[in-house]
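K.L.:
Coordinates for the following, if possible.
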Amino acid sequence: MNTLGVKERIIATASELFYMEGYNQTGINQIIKEANVAKASMYQHFRSKEDIAVAYLQGRHTMWVGNLFDFIANEKTPKDKLLKSFDYLDDWLVSVDFRGCGFQNIITDLPKEQHKIVDQVRLHKNELREWIHNLLKSDGYCNAADAAGLGDEILVLIEGAIILTQIQKEAWPIHSAKNCCQRLLP
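P.N.:
Predicted coordinates for the structure are as follows:
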């Protein structure tokens, strides 16, 4: 990790700590120590732990969405892409030992007055929602009104499957959500 610049080491270290240990459980001094940076250097790049968390969430969004799109890239129809998304969830959550969604985790672990973090979580979830809506409208698969309602139902299936998989430490919630999604899709 020392080949990375100071800012990148801080983000990489904090990302691992926030995801695996939790936002509240991770302190600034721990990030500084594990990133092997000076406190003054850290404050040159970030004014607060909240600002580090925003950088973490921005990077996580880019990584997660990119991985999802790569995973479903070979699917041709909106229905196939959405159903394959559940396979992505299965693959991803098993690979992280059911640690769950970094966005869900941080929002439930947040002290008051962390508005920048809340904004990043909402941005990620709203972009996922918009992607589902647009996918359902593509190629004339659904009209706009149906796409919005159905898309929201699918988003709830995805988000519910993620959190329940984390709680159960098993993949059956994803499989159940995929089956439900298949019944919902025309």
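K.L.:
what about the residue sitting furthest away from the middle of the chain, distance to W172?
P.N.:
Farthest-out residue of the chain from its mean C-alpha position, per C-alpha atoms, centre = their mean: A40, at 30.4 Å. Computed as C-beta to C-beta, to the nearest Å, the A40 to W172 distance reads 49 Å. All C-beta atoms are positioned from the backbone trio N, CA, C, and that covers glycine.
K.L.:
got it, and G22?
P.N.:
25 Å.
K.L.:
do the same with A38
P.N.:
47 Å.
K.L.:
ditto for D91
P.N.:
Applying C-beta to C-beta to D91 and W172 gives a distance of 15 Å.
K.L.:
and if you look at K137?
P.N.:
For K137, the distance to W172 - C-beta to C-beta - is 31 Å.
K.L.:
same thing with L57?
P.N.:
28 Å.
K.L.:
again, but for D90
P.N.:
D90 is 10 Å from W172, by C-beta to C-beta.
K.L.:
Compare those two (neighbour count), which wins?
P.N.:
Using other C-beta atoms under 10 Å as the criterion, D90 and W172 rank with D90 on top: 19 against 12.
K.L.:
Spatially nearest residue to the more buried one, not counting backbone neighbours?
P.N.:
Spatial nearest neighbour of D90, chain neighbours left out: I174 (4.8 Å); criterion: C-beta to C-beta, 6 or more residues apart in numbering.
K.L.:
Wait, the one you found touches Q168, no?
P.N.:
No - contact criterion C-beta atoms under 8 Å: I174 and Q168 do not qualify, at 10.1 Å.
K.L.:
between the two, who's got more neighbours?
P.N.:
More crowded of I174 and Q168, by other C-beta under 10 Å: I174, with 26 against 11.
K.L.:
can you pull the contacts of the more buried one?
P.N.:
Shown in contact with I174 (C-beta atoms under 8 Å, 6 or more residues apart in numbering): 86, 89-90, 93, 161-162, 165.
K.L.:
could I get stretch 74-84 in PDB with only the CA atoms?
P.N.:
Extracted C-alpha coordinates of stretch 74-84, given in PDB (Å, rounded to 0.1, in the frame of the first residue of the first chain):
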ATOM      1  CA  ASN A  74     -23.500 -10.400 -21.800                       C
ATOM      2  CA  GLU A  75     -27.200 -10.400 -21.100                       C
ATOM      3  CA  LYS A  76     -29.400  -9.100 -23.900                       C
ATOM      4  CA  THR A  77     -32.800  -8.200 -22.500                       C
ATOM      5  CA  PRO A  78     -33.900  -6.000 -19.600                       C
ATOM      6  CA  LYS A  79     -35.400  -9.000 -17.900                       C
ATOM      7  CA  ASP A  80     -32.200 -11.100 -18.300                       C
ATOM      8  CA  LYS A  81     -30.100  -8.200 -17.000                       C
ATOM      9  CA  LEU A  82     -32.300  -7.700 -13.900                       C
ATOM     10  CA  LEU A  83     -32.300 -11.400 -13.100                       C
ATOM     11  CA  LYS A  84     -28.600 -11.700 -13.600                       C
END
